[in-house]
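>>> need coordinates for the following:
(chains A, B, C and D)
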There are 2 protein chains.
Amino acid sequence: MLDIRWLEDFIVVAETRNITKAAELRNVTQSGLSRRIQSLENWAGAPLIDRRHAPLELTEAGHKLLDVANEALGRLNGIRRTIREDQNERLRSIRFAAPHILSVTFFPRWLLAIQAKLGSTRLSVTSDNLPGCASLFEDGGVDFVVCLVDANGAILRGAGRPLVIERCASISIGKERLIPLSAPAADGKPLHWLDLNPRLSTSYLAYSRECSLGWAVEDLIARRPDLVQLHSLYDNSLADGLRTMALAGLGVAWLPLTTTHNDIIRGKLVRTGDPQLAIDLDVRLYRPAQRLAKKAEELWSRLTTEGLGALLGPAAFPPDIATTIHAEDVQTLRR
Amino acid sequence: MLDIRWLEDFIVVAETRNITKAAELRNVTQSGLSRRIQSLENWAGAPLIDRRHAPLELTEAGHKLLDVANEALGRLNGIRRTIREDQNERLRSIRFAAPHILSVTFFPRWLLAIQAKLGSTRLSVTSDNLPGCASLFEDGGVDFVVCLVDANGAILRGAGRPLVIERCASISIGKERLIPLSAPAADGKPLHWLDLNPRLSTSYLAYSRECSLGWAVEDLIARRPDLVQLHSLYDNSLADGLRTMALAGLGVAWLPLTTTHNDIIRGKLVRTGDPQLAIDLDVRLYRPAQRLAKKAEELWSRLTTEGLGALLGPAAFPPDIATTIHAEDVQTLRR
DNA sequence: CTCGCATCATGCGAATTTCGCATCGCAGAC
DNA sequence: GTCTGCGATGCGAAATTCGCATGATGCGAG
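From the prediction side, this is the model:
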């Protein structure tokens, strides 16, 4: 009924005041442009151009329409351009959503590695809690979700409602381990003990309700009747906040090995409890069923075919960590 | 490239969140609407609708475009409606342009007469000075120009530049006569004389430069060497302003017979000078070469074929005016 | 006044686009 | 599982649009 090209044509005609010249500028024949202007006049319901004299003049209706056409076209073309730019950005970039902790522990190294492999690609990481990441992913706001999951599935179930990513294809791209740590006493032994006297209540530094790491820890505690005497005096939604509390000697916290190995090496934090109390976590990357943008598909394909080592490069942790922490932990890190 | 119907479609889809239902509302098939939305998405350069779940959801790009589409469509359809209304008004009405004096003397009666003959028709009269009327006419702002012209053509030439109406078809639809009038002295004779003593300077009440009636009077004065001693102490752009001055005894003015016959009958104004000093004017209606709207063409056709009497009806002036003013003037009025 | 030039409108056949019908694919409900 | 609702798509018909050639008109030079 109304093609916006007619409006563009009309604007050019109003500027040149000559249909033939305007036709050249618009890359159509004079007859074509003449008819398009007629179509526009037919749409408007009134003559827009006074053709009696050369150069052409706009009628009153023409002037009115010209104003509106300029503004409407400007807005429409403007939104078109921004949409295309956004889309372009989206197609060339790979967007991840991940819980806050991974922005600190995992992504800094991993992004560097895949940047090197994929060449110049814009990478963006959005941090949120796990349900937030999942819904962003569901809405197509990101290409992948990367998160830490435990073998028991406590983390995926912990959100209360089913998460989309449960039914999505995924691949393991790293390891993590939560270890119960305490500041040392003067003698180098833990200030707080998990396995000393079952009747002695131990201060436990908990993750906040919304932090998915906490769901794994709570799951572990629920399975171990010998740990019921733990009571949490403090909680914190960030692992690094808990680490600071543990360093200050406020209690025992299950902290990620990747953020605490330096503390362990330097003796600022020491492990407590038996080795069974460590929680092994997978860093898993989830993708949607539908096809992704080119770069994102390329990443997925290389992750699944080439394996992780090719992308991750040399071990992420210094070897001397083996001398100060449990041998099993070191193996985890090297895997 | 972008049909605004696509935007209308998109708005309806955004409201119904269901392409099939939107298709019914838009009176197209589901497949047609589906493809139109695809066309719009192709234009925008990004998906606008998330079709994965029912009901449909707009993408971020979709929401952005929806806002702009609503506004742009509102403006475009708004201007379209006003243009159509204006045009409709224009086609159903007959628009005249005329010098100010005719709005007072001629149109009140004449409009009544043609209204009765043409049936319900919107009639509009725009008053301006003669050049203004002519340019309004040239721009198509009015259908007809009605003006007073003298036999010598002084009025048509008086504008300084050639007027379009000079080369237009026209028809005489009335008469007018300018008569030199003065307030009477106590004895009933004119207070100011045009023909008494050539050496006696007489106060002359002139029309302003822009008033076309003045051009006819000036032309007459220039032809009559015996009138050179006239000097204008006052001038006024409106004939009625001059009449008031004349009634106050300020001098002699060439005034339209139609506005002064009551003054003459009642002896408030008396004629001065010899009968040759009257100026006969034609009320002429001018039409453009191009075709006019239906109603306007109908008026022209009836004016040219049926003559004026049929439209003008009985004589416009009371018969007793014959007893108090020159017989010749009465004939003019009765004609 | 006539001619030539510039300009816009229009008839016509070809190319392109759009439409509706029928069908397919997919997802959710029962 | 089947059934149902919904959107996408292949295909041929219909409508629209386009370019070419030509006609009509106005303006200025000779």
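>>> use CA for all of it now, contacts and neighbours both
Noted.
>>> my read is that residue A:296 contacts residue A:94, right?
Yes - with contact defined as CA atoms under 8 Å, residue A:296 counts as touching residue A:94 (5.5 Å).
>>> shared neighbours, these two?
Here residue A:296 and residue A:94 have residue A:143 as joint contacts, going by CA atoms under 8 Å, 6 or more residues apart in numbering or on different chains.
>>> mind showing which ranges of chain A have poor pLDDT?
Scanning chain A for pLDDT under 70 picks out A:195-201, A:228-229, A:307-335.
>>> which bits of it sit near chain B?
Contact residues, chain A versus chain B (CA under 8 Å from any CA of the partner chain): A:1-5, A:43-46, A:61, A:64-65, A:68-69, A:72, A:75-76, A:79-81, A:83-84, A:87.
>>> so how do I select the buried members of the residues you listed in PyMOL?
Per 16 or more other CA atoms under 10 Å in any protein chain shown, the buried members of the residues of chain A next to chain B correspond to this PyMOL selection:
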select buried, chain A and resi 2+3+4+5+44+45+46+61+64+65+68+69+72+75+76+79+80+83+84+87
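>>> skipping its backbone neighbours, what lies nearest residue A:58 in space?
In this structure, residue A:58 finds its nearest non-sequential neighbour in residue A:49, 4.4 Å apart by CA to CA, 6 or more residues apart in numbering or on different chains.
>>> anything in stretch A:21-31 near DNA strand D?
Yes - counting by CA under 7 Å from any atom of the strand, DNA strand D has neighbours in stretch A:21-31: A:27-29, A:31.
>>> give me the buried subset of the residues you listed.
When the residues of stretch A:21-31 next to DNA strand D are checked for burial by 16+ other CA under 10 Å, the buried set is residue A:29.
>>> show only the entries of the residues of stretch A:21-31 next to DNA strand D found in strands.
Using DSSP state E, no member of the residues of stretch A:21-31 next to DNA strand D falls in strands.
>>> ok, and of the residues of stretch A:21-31 next to DNA strand D, which contact DNA strand C?
Among the residues of stretch A:21-31 next to DNA strand D, the residues lying close to DNA strand C (CA under 7 Å from any atom of the strand) are residue A:31.
>>> just the ones of the residues of stretch A:21-31 next to DNA strand D in helices?
Of those, the ones assigned to helices by DSSP state H are residue A:31.
>>> and the residues of stretch A:21-31 next to DNA strand D, which is closest to residue A:209?
Of all the residues of stretch A:21-31 next to DNA strand D, residue A:209 sits closest to residue A:27, with 64.2 Å by CA to CA.
>>> which residue comes closest to residue A:76 once chain neighbours are left out?
Per CA to CA, 6+ apart, closest to residue A:76 is residue B:68, 6.6 Å.
>>> next, the buried residues of stretch A:202-216.
A:202-208, A:211-216.
>>> report the closest residue of the stretch 1-150 of chain A relative to chain B.
residue A:3 (4.3 Å; CA to the nearest CA).
>>> I'd assumed residue B:76 was in contact with that residue.
No - shown here, residue A:3 and residue B:76 do not form a contact pair, counting by CA under 8 Å, at 11.8 Å.
>>> which parts of the stretch 101-250 of chain A are helices?
For the stretch 101-250 of chain A, the helices defined by DSSP state H, counting those that start in this stretch cover A:107-118, A:130-138, A:154-157, A:212-223, A:239-247.
>>> what's the closest of those helices to residue A:276?
Using CA to CA, the helices of the stretch 101-250 of chain A put helix A:212-223 closest to residue A:276, at 9.9 Å.
>>> next, the angle from that closest one to helix A:239-247.
Taking axes from the mean of the first three to the mean of the last three CA atoms, to 10 degrees, one finds helix A:212-223 and helix A:239-247 inclined to each other by 50 degrees.
>>> what comes into contact with helix A:212-223?
Here helix A:212-223 has contacts from A:129-130, A:148, A:150, A:154-155, A:158-159, A:206-209, A:227-228, A:254, A:277, A:279, using CA under 8 Å, 6+ apart.
>>> and those residues, which are buried?
Buried by 16+ other CA under 10 Å: A:129-130, A:148, A:150, A:154-155, A:158-159, A:206-208, A:227, A:254, A:277, A:279, out of the contacts of helix A:212-223.
>>> and the strands in the stretch 201-335 of chain A, which stretches?
In the stretch 201-335 of chain A, the strands defined using DSSP state E, counting those that start in this stretch lie at A:203-207, A:231-236, A:253-256, A:270-271, A:279-287.
>>> distance of the nearest residue to residue A:264 once chain neighbours are set aside from chain B?
Counting by CA to CA, 6+ apart, residue A:270 is the residue found nearest to residue A:264 once chain neighbours are left out, at 6.0 Å. Residue A:270 sits at a distance of 49 Å from chain B (criterion: CA to the nearest CA, to the nearest Å).
>>> residues near residue A:270, how many?
Neighbouring residues of residue A:270 were enumerated by other CA atoms under 10 Å in any protein chain shown; the total is 27.
>>> does it really touch residue A:192, like I thought?
No - applying CA under 8 Å, one finds residue A:270 not in contact with residue A:192, separated by 9.7 Å.
>>> and residue A:69, helix, strand or coil?
The local conformation at residue A:69, judged by DSSP: H, G, I helix; E, B strand; the rest coil, is helix.
>>> OK, contacts around it?
Contacts for residue A:69 were tallied using CA under 8 Å, 6+ apart; they are A:7-8, A:11, B:76.
>>> how about these, which pair is most distant?
For the contacts of residue A:69, the maximum inter-member distance is 14.4 Å, found between A:11 and B:76 (CA to CA).
>>> would you mind naming what in chain A lies close to DNA strand D?
A:1, A:27-29, A:31-33, A:35-36, A:52-54.
>>> now the residues you listed in CSV, with distance to residue A:182?
Shown next, in CSV, are the residues of chain A next to DNA strand D (distance: CA to CA, whole Å):
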residue, distance to residue A:182
A:1, 74
A:27, 76
A:28, 79
A:29, 83
A:31, 86
A:32, 82
A:33, 81
A:35, 83
A:36, 80
A:52, 93
A:53, 93
A:54, 91
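>>> tell me what residue A:125 is bridged to.
Beta-bridge pairing of residue A:125 under DSSP bridges involves residue A:96.
>>> is the strand ranked longest in chain A in proximity to DNA strand C?
For chain A, the strand with the greatest residue count under DSSP E is strand A:169-182. No - contact of strand A:169-182 with DNA strand C (CA under 7 Å from any atom of the strand) is absent, the minimum separation being 13.7 Å.
>>> give me the helices and strands touching that strand, please.
With contacts taken as 3 or more CA pairs under 8 Å, 6 or more residues apart in numbering or on different chains; DSSP states H and E, strand A:169-182 sits against helix A:239-247, strand A:253-256, helix A:257-265, strand A:270-271, strand A:279-287, helix A:327-334.
>>> give me the domain ranges for chain A.
As assigned by automatic domain parsing, chain A contains the domains A:4-90, A:100-334.
>>> so how far is the first one from its chain's centroid?
Distance of domain A:4-90 from the chain centroid (CA atoms, centre = their mean, to the nearest Å) equals 43 Å.
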